[in-house]
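Trainee: show me the folded form of this:
(3 chains)
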Amino acid sequence: MAPKYHGVDFYALDTLLSEEERAVRDTVRTWVDEQLIPVIGDAYIEGKFPKQLIPGMAELGLFGANLPEEYGCAGLNNVAYGLIMQELERGDSGVRSFASVQGALVMYPIYAFGSDEQKKKWLPEMASGKVIGCFGLTEPDYGSNPAGMITTAKETKDGWVLNGAKMWITNGSTAQVAVVWAKIGAQNDANSIRGFLVPTSTKGFSAKDQKGKLSLRASDTSELVLQDVHIPKDAILPKSGGLKSPLMCLTQARYGISWGALGAAMACYDEAVSYSKNRIMFGRPIGGFQLQQARLAEMLTEITKAQLLVLQLGRLKDQGTMTPQQVSLAKRNNVDMATDVARETRRLLGANGILAEYQAMRHLANLESVYTYEGTHDVHTLVLGQEITGISAFE
Amino acid sequence: MKIAVCIKRVADSETRVKVAGDGKSLDDAGVKFILNPYDEFAVEEALQRKEKAGAGEVVVLALGGATAQETIRTALAMGADRGILLQTDAVPADGFVTAQAIATELKAGGPWDLVLFGKMAIDDYNSQVGPMVAELLDLPCVTSVSHLTIENGIATADREIEGAVEVVQCPVPAVITTDKGINEPRYPALKGIMAAKKKPLEVKPVSLSGGAIEVLEMQPPPARKEGKIVGEGAAAVPELVKLLREEAKVL
Amino acid sequence: MTTVLAVCEQRDGALRKVSSEVVTGARRIADALGAEVEALVLGAGPATGADQLGGFGADRVVTLTADGFGKYAPEGYAKAVADRAKSGAAVVVCTASAQGKDLAPRIAAKLGTGLAADVTDVMVEGGALVAIRPVYAGKALLKVKLTGKPAVLSLRPNVFTPVQRPKAGTASTAAANVPAGRVTVKEIKAAEAGALDVAEAPIVISGGRGLKEPANFKILEDLAHAFGGRAAVGASRAVVDAGWRPHADQVGQTGKTVSPTLYIAIGISGAIQHLAGMRTSKVIVAINKDKDAPIFKVADYGVVGDLFEIVPALTAAVKSHA
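Mentor: The predicted structure is shown next:
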């Protein structure tokens, strides 16, 4: 049951992990080696999320793994949670995205903003993978600017009526429940944003696959349309309030992405090292050439820095002192780093690098989405700019 | 259903083997240690039998250094109830010495409905501690079992032999050593990993006798002589056949 | 005179080939110690082929019989051998066959001593018995001194090439006077008639993922047939895990360890777990489309290219030379 993959640990960072953290990582690592990696290449080409993996992921406890045990979750600390994301994305960003959405964007808001009844009803079902969720915040015309959203929730005497459209929704057409963010007040009132739990079988709710993706192909991405969707009064997440609520969810998810991107980079680096040792050109392994060595040295350096970054970020999160800006720095750095590592690996692999048999091109294409979603690289740059100067560049 | 599972902490099979300074053992710097893969089958078998019985206890027992506690916790994370470490400085080269220590512990902690081992450890390839413990406890034993049923106090086991499968029966309690095929070991679930911390793990220092197998040295295997690429495609076949016939003299 | 016991193996009343290897190994030890070799055969009666053991160096061939000894009776066999050993044997040599791996530890335990298992070489140095045994999947060799009285060891099959000696031993039969024991062999479900086991075949032809689909193993079977019943078809872990071939055919760490005279790896990349099972083969041939595949690093002879062209050509060539 030992994993085939042996990680990248140039600075003996394993010694900074607890035995449980390592055990969690190794379990997920083995699962990824044995269950995910063998099927991901074909799933990617077919453009389908490998749904058959869901029961296995649930059995391991990968969904909402950092939420408490009383809701059927594993109750892990945030470093262990991060390591799970790292290993999943070492397999594929699409599969990590699936777990991120389920855990950080659906289970987390139910946990953080939901009533006791909502938590008891949904969380165990979601931890066991029986219910899959999606998160509807982004709209066709409101991506980096979610405050401008136009989806509305109007209160009626017996509930709410939702109208609007959401775009780029991971798990949209797989999900049985959607966390939909909508304004209950005026169009310019971002403070009136609330979260709603909408069963996807509700009349007026439809999800349509977004076709033609050249990235995250092993992930289900949809457009949601809500047309006069009637839901009961208790469908609102009672403790949600304002744009801050969905942004808190995104902070959770971005935290996981910072780790996840690292996993993709580690997978590519591993492939680059192995290829450079085995590929013979001009009578010797290409790893013996200076240009390839420079590539590899750069990758190892950047991966090691990124590992230190997320490990400390995780410790801060466990202490309760992590700030959203610190998450922005990690997401921004690690995704950008991973994209570079994937691209350099693709190039190091020469023509083989474009094949699905190897991982680099798939990771590279995926990471272009990861670079863009959950706050684009540019937006995080400006978040840091504001943090440094105290001056917002958005407004 | 009270089942003992005897497990071992071993170097991962992917390990790059480097001989330690003493010239007799593995240099374990940078080596990843795991639960012996054949022992995973034993743990899984115990868990399934306990689950089927609806009640019982699965006790994992290991002999080794303090670090073997981590290996025991892997089995606890899979679902075993408690662990015992017979703590020694090193695992002896003589499997009989190990067997004696394990048998003593099992005798004290018994009786057992079943005692399980993996068929061999992937580090020392000894394949012997299980049947030796059976002898010492005077229990019937079937080794390398790839399929097992137990009904009315009789165990019926398949074991692969050369070119055939041997169907063996014995009464239980018995010692069974497990081979691939008997089951599909589960992954330790994350909740199990967290729960393992809270399960009892008793550490008992043991001192062992010298035994009858003394390691003189450990060496890397002689390198195979440099091979050659005979050629490409079907065109290389006549040359290959000629070499096999005239140079290697195997045809 | 000091005695070296050679524990032979029979199935269905016929001696198995490993027996001559055990006697050969025992003879080597006996010569170095100035001892004699007693070959022990356990069975219902004299086994076919036992009269040949003298030719491999047995001074005496003793058949120990008891009720229930027709089939392998682990407890009875172990007791019979141990009782015999207690009357003064210095060394007990077993085989590390499937049966030997089960029997040898029981014998050692009954004698209260250790077992050097799966030995690939044995010698006497300064009066002491010394054995070589592969560990860590063959990535290291352990040299061990056997200080047990008696010393017990098992020999890896196919490694000790039987050596004919122009000398005939005596043969006798004795009743073992032991119960067969609680563990009984009910049935032997044989594989298809005439099929050789990969662990015993002098030629092993193994296939991996490169075969693309299970039906394509036909071309390996054709090649095996061309060798006229001397070859068995093996498989890599990947194709066994995929359900293409039975586990009994798997060569490698979680499968069988083989040491044939000729090992042909076809469409197998050569993962470390696979190499663990075949690296002690005498001659290794690799056929693979990827010239960088690790299998070529251990192969004596490699052919790079499309196995679907190369293997049929090889089959034809073997047939025409046969």
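Trainee: would you mind listing the buried residues in the helix or strand hosting B:Val168?
Mentor: B:Val168 belongs to strand B:164-171 when assigned by DSSP states H and E. Buried residues in strand B:164-171, defined by neighbour count with 16 or more other Cβ atoms under 10 Å in any protein chain shown: B:Ala164, B:Val165, B:Glu166, B:Val167, B:Val168, B:Gln169, B:Cys170. Quick note: C-beta positions are derived from backbone N, CA and C, even for glycine.
Trainee: what pairs with that strand, and is each one parallel or antiparallel?
Mentor: Partners of strand B:164-171 in the sheet, by DSSP bridges, are strand B:154-161 (antiparallel), strand C:184-190 (antiparallel).
Trainee: and those strands, which is most packed in?
Mentor: strand B:154-161 (a mean of 21; mean count of other Cβ atoms under 10 Å in any protein chain shown).
Trainee: what does the stretch 151-300 of chain A put close to chain C?
Mentor: By the rule Cβ under 8 Å from any Cβ of the partner chain, the part of the stretch 151-300 of chain A lying against chain C is A:Asn278, A:Arg279, A:Ile280.
Trainee: how far away is the second one from chain B?
Mentor: Taking Cβ to the nearest Cβ, to the nearest Å as the measure, A:Arg279 and chain B are separated by 16 Å.
Trainee: just the pLDDT for the residue nearest to that residue when sequence neighbours are not counted.
Mentor: Closest residue in space to A:Arg279, ignoring its immediate chain neighbours: A:Ile286 at 4.9 Å, by Cβ to Cβ, 6 or more residues apart in numbering or on different chains. Per-residue pLDDT puts A:Ile286 at 93.
Trainee: and C:Ala195, by the same measure?
Mentor: So C:Ala195 comes in at 69 (pLDDT).
Trainee: now the one 3 residues further on
Mentor: Among the per-residue scores, C:Val198 holds a pLDDT of 91.
Trainee: ok, the closest residue to chain C within the stretch 101-250 of chain A - how many residues close by?
Mentor: The stretch 101-250 of chain A approaches chain C most closely through A:Ala218 (20.9 Å), counting by Cβ to the nearest Cβ. Using other Cβ atoms under 10 Å in any protein chain shown, the number of residues around A:Ala218 comes to 26.
Trainee: A:Gln227: which element?
Mentor: strand A:221-232.
Trainee: what about that strand, average pLDDT?
Mentor: 96.
Trainee: touching chain C at all, the strand ranked longest in chain B?
Mentor: In chain B, assigned by DSSP state E, the strand with the most residues is strand B:141-151. Yes - using Cβ under 8 Å from any Cβ, strand B:141-151 comes into contact with chain C via B:Cys141, B:Val142, B:Thr143, B:Ser144, B:Ser146.
Trainee: out of the residues you listed, who's near chain A?
Mentor: Applying Cβ under 8 Å from any Cβ, the subset of the residues of strand B:141-151 next to chain C adjacent to chain A is empty.
Trainee: list just the nearest of those to A:Val198.
Mentor: Nearest to A:Val198 among the residues of strand B:141-151 next to chain C is B:Ser146, at 50.8 Å by Cβ to Cβ.
Trainee: what's near enough to touch the closest one?
Mentor: B:Ser146 makes contacts with B:Asp158, B:Arg159, B:Glu160, B:Val165, B:Asp179, B:Lys180, B:Gly181, B:Ile182, C:His247, as judged by Cβ atoms under 8 Å, 6 or more residues apart in numbering or on different chains.
Trainee: one step back: next secondary structure after the strand holding A:Gln227?
Mentor: helix A:244-278.
Trainee: now do the contacts for the residue nearest the centre of chain C.
Mentor: Centroid check for chain C by Cα atoms, centre = their mean gives C:Pro157 as the closest residue, at 2.2 Å. By Cβ under 8 Å, 6+ apart, the contact set of C:Pro157 is C:Val18, C:Glu21, C:Thr95, C:Ala96, C:Ser97, C:Ala199, C:Glu200, C:Ser259.
Trainee: which of those residues fall in strands?
Mentor: Per DSSP E, the subset of the contacts of C:Pro157 in strands is C:Thr95.
Trainee: could I get the contacts of C:Pro157 as TSV with neighbour count and distance to A:Ile150?
Mentor: As requested, the contacts of C:Pro157 are exported to TSV (neighbours: other Cβ atoms under 10 Å in any protein chain shown; distance: Cβ to Cβ, whole Å):
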residue	neighbour count	distance to A:Ile150
C:Val18	25	81
C:Glu21	26	83
C:Thr95	29	80
C:Ala96	26	76
C:Ser97	27	77
C:Ala199	28	72
C:Glu200	21	76
C:Ser259	21	74
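Trainee: between the contacts of C:Pro157, which is nearest A:Ala207?
Mentor: C:Ala199 (56.0 Å).
Trainee: does the closest one touch C:Val258 like I think?
Mentor: Yes - if you go by Cβ atoms under 8 Å, C:Ala199 and C:Val258 touch, sitting 5.6 Å apart.
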